[in-house]
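Asker: 3D model of this:
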Amino acid sequence: MKRTYNQLVTIVGRPLRTRVRWILLLLIVPLGLSFLFPLWRIRMEAPQYPKGIYIDIYGYKLDGGNEGRDVNEFNALNHYIGMEKLERARIPELGWIPFAFGILALLTLRVAALGNLRDLIDLSVLTAYVTLFFFARYVLMLYQYGHNLAPTAALKLPPFMPVILGTKQIANFTTQSYPLLGTALAGTFAGGLVLLTAWQGLREWRKPEG
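Answerer: Purely as a prediction, here's the structure:
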């Protein structure tokens, strides 16, 4: 047991290969580009909106379709059923995401320049935590929007869970929620980091002790 532990400590302390350092630098690119594209889209169709209306969620803002006017359409409908307004000021996560992604980019740069396998593992774990944290906050936000309905609303609906991923029918509205290019780019960073850590770890584990 002690021998295995000592072997593990030795392995994680080994420096990263040059190829791994270059790949880490390349992975910062999709993370940075994810700010330029929407992460998620919430879309709604109804008889009065046959072409649908939508809101795109970026890492730092909300943007509606139809030159931004769809945000007002969403909020008018939300007011009708007693749901809170969807607006930037009510979603504090949009202020945290740029900060968190910036920290991840700086840490990735540090690991690429100076890190060993232990630092790469720490970076992968931190990235997984940040990803799961913000997705969990998104789910919680949807829950609160669907369950904190004003009792004075013109149209009274029982509390409901808005669609997280996919399509859901609510009254006469068909709602959709799905990831967009920004999520794919951020996912490329996170997934690439995990694969790179697994690959480097396996190679070092199989490498004969020197």
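
Asker: following the helix or strand where Leu120 lies, which helix or strand comes up?
Answerer: Secondary structure from DSSP states H and E places Leu120 in helix 117-147. Using DSSP H and E, the helix or strand that follows helix 117-147 in sequence is strand 166-170.

Asker: what does that following strand rub up against?
Answerer: By C-beta atoms under 8 Å, 6 or more residues apart in numbering, the surrounding residues in contact with strand 166-170 are Leu157, Phe160, Pro162, Thr174, Thr175, Gln176, Ser177, Tyr178. The way it works is simple: take the backbone N, C-alpha and C, and place the C-beta from them, glycine included.

Asker: can you rerun that using 10 Å?
Answerer: Residues from elsewhere that reach strand 166-170, judged by C-beta atoms under 10 Å, 6 or more residues apart in numbering: 43-46, 81, 146, 157, 160-163, 174-178.

Asker: and if you look at stretch 84-102?
Answerer: By C-beta under 10 Å, 6+ apart, stretch 84-102 touches 31-32, 34-35, 39, 42, 55, 57-64, 71-72, 74-76, 78-79, 126-127, 129-131, 133-134, 137-138, 140-141, 144-145, 148-150, 186, 189.

Asker: Buried subset of those as a PyMOL selection?
Answerer: Applied in PyMOL, the following selects the buried portion of the contacts of stretch 84-102 according to 16 or more other C-beta atoms under 10 Å:
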select buried, resi 31+34+35+39+42+55+57+58+59+60+62+63+64+71+74+75+78+127+130+131+134+138+141+145+149+186+189
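
Asker: dump the residue contacts of Gly13.
Answerer: Contacts for Gly13 were tallied using C-beta under 10 Å, 6+ apart; they are Asn116, Leu117, Arg118, Asp119, Glu204.

Asker: Please report phi then psi for Phe173.
Answerer: Backbone torsions of Phe173, given as degrees, to the nearest 10, read phi -110, psi 140.

Asker: ah, wrong one, I meant Ile42
Answerer: Per degrees, to the nearest 10, the backbone of Ile42 is at phi -110, psi 120.

Asker: Lowest average confidence across helices and strands of this protein, where is it?
Answerer: Taking mean pLDDT, DSSP states H and E as the measure, the helix or strand of the chain with the lowest value is helix 2-12, at a mean of 78.
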